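> I would like the atomic coordinates for the input below:
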Amino acid sequence: MPKMLKILSMLLLLPACFVLGLHAGPKVATTYRTWFPPPQYTTGDHAALYRKAGQPVVMYATTTCPYCAKARALFAARGVAYIEYQIDASKAANDDFIARGGRGVPLLYIGDRRIQGFREAAIVDALAAMRRAE
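Here you go, the predicted structure:
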């Protein structure tokens with residue numbers, strides 16, 4: 001009987017682990033993202049992009065993106081001069097967006113910062129840092 005009990009427990013252990021993984025996996029992922037959130041921005045040297053664009057702020061966007069519209073409104077409210085490349089209207093802009101590793105819009109370059117997505121606090125902070133550096 002002990003051998004049969006051992007086999008039965010092993011047969012039940014695999015489905016139990018599977019069900020536990022299905023239930024706990026998303027919770028573990030959410031907890032991890034809460035404790036270790038992704039960075040709001042990355043830094044780098046974007047001088048070549050600014051020379052090409054002729055503006056200190058560059059935004060890759062689409063014409064229909066609501067978050068891009070929020071970024072436009074934020075820039076307008078703060079009087080920020082920027083250039084916008086619409087990736088759904090220009091193949092060259094889309095190719096450049098892809099070459100820069102763009103995965104979603106808006107993709108913003110402000111000073112030494114690259115901000116993926118509309119992150120208002122990060123955008124405002126980057127604009128303030130850019131103004132301090134001027």
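> so what are the domain limits for this structure?
1-37, 42-133 (automatic domain parsing).
> Let me know the average pLDDT across the shortest one.
It refers to domain 1-37. Throughout domain 1-37, pLDDT has a mean value of 82.
> Any idea which of the domains of the chain has the lowest pLDDT on average?
Looking at the domains of the chain, the weakest mean confidence is domain 1-37, a mean of 82.
> Show me the strands in this protein, by range?
42-43, 57-61, 83-86, 107-110, 113-116 (DSSP state E).
> Tell me which residue lies nearest the centroid of the protein.
Geometric centre of the chain, nearest residue: Gln116, 3.8 Å, by CA atoms, centre = their mean.
> if you skip the residues just before and after it, what's nearest to that one?
Once flanking residues are discounted, Gln116 sits nearest to Leu107: 5.8 Å by CB to CB, 6 or more residues apart in numbering. Heads up, the C-betas are built off the backbone N, CA and C, glycines and all.
> Surely that neighbour and Met59 touch.
Yes: shown here, Leu107 and Met59 form a contact pair, counting by CB atoms under 8 Å, at 7.1 Å.
> between the two, what contacts are shared?
Overlap of the contact sets of Leu107 and Met59 (by CB atoms under 8 Å, 6 or more residues apart in numbering) is empty.
> What is the neighbour count of Asp125?
For Asp125, the neighbour count with other CB atoms under 10 Å is 16.
> likewise Leu11?
Counted with other CB under 10 Å, residues neighbouring Leu11 total 10.
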